[in-house]
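> just coords:
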Ligand code: FES
Ligand code: FES
């Protein structure tokens, strides 16, 4: 047998079997992609600050990511990105939630409110925002949107909280600047207990 022919046949065989394997893998990927595409609808509607927003959302995408990077609502801050600091606090149906730990797909059919949604239509600050300013709550300001949103939720359920109740309600919102007393004064002012 001609050794060169044998070698050529061998190489052809290797190339053929590789191509077959690759096309099999390609088919598998195509099937997997089309299956996942069919299973998860990516273009969804969510209600944010009273507006219906259409947005392309990956299955594992967090609400914080969608708000900040797709809807340009950067008032929601990302600190720890793992449910520890409260910088990303938003309201979902008037209840505080960490947006970094909430999947965007889970808020369909629900109402999301971010700090941008608290001002009145004429641009006037929400009373909690004004009270925090009056009490010099914001230092660097990074935690402020989360503190504001958590306080708005508190005052909806408890319009005149004690200072201790306010402390507990804001305990999920860390402040690296240590302005806790300022924020608590702000809660007291916003609830009409400080003049
Ligand atoms: S960024 Fe969400 S809790 Fe810290
Ligand atoms: S004001 Fe700076 S982290 Fe709270």
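Looks like it came in fine. Keep in mind that what you see is a predicted model, and the values were worked out from it rather than measured. Numbering: from 1, shown residues only. Ligands and ions are numbered 1, 2, ... in the order given.
> which SS state does the residue sitting nearest the centre point of the chain fall under?
For the chain, the residue nearest the mean C-alpha position is residue 64 (1.6 Å; C-alpha atoms, centre = their mean). The local conformation at residue 64, judged by DSSP: H, G, I helix; E, B strand; the rest coil, is helix.
> how many other residues sit next to the closest residue to it other than its chain neighbours?
Closest residue to residue 64 in three dimensions, ignoring its sequence neighbours and counting by C-beta to C-beta, 6 or more residues apart in numbering: residue 99, at 3.8 Å. C-betas here are computed from N, CA, C, even on glycine. Using other C-beta atoms under 10 Å, residue 99 has 29 other residues around it.
> was I right about residue 99 contacting residue 89?
Yes. Using C-beta atoms under 8 Å, residue 99 is in contact with residue 89, at 7.3 Å.
> and for the two, which residues touch both?
residue 76 (C-beta atoms under 8 Å, 6 or more residues apart in numbering).
> which residues in the protein form strands?
43-48, 51-56, 89-92, 95-98, 111-113 (DSSP state E).
> can you list the residues of the protein near ligand 2?
Residues of the chain lying close to ligand 2 by C-beta under 6 Å from any ligand atom are 138, 139, 140, 141, 142, 143, 144, 175, 176, 177, 179.
> report the buried members of those.
The neighbour-count test (16 or more other C-beta atoms under 10 Å) applied to the residues of the chain next to ligand 2 identifies 138, 142, 143, 144, 175, 179 as buried.
> excluding its backbone neighbours, what's nearest the last one?
Residue nearest to residue 179 in three dimensions, not counting chain neighbours: residue 139, with 4.9 Å by C-beta to C-beta, 6+ apart.
> what about that neighbour, distance to residue 176?
Distance of residue 139 to residue 176, given as C-beta to C-beta, to the nearest Å: 9 Å.
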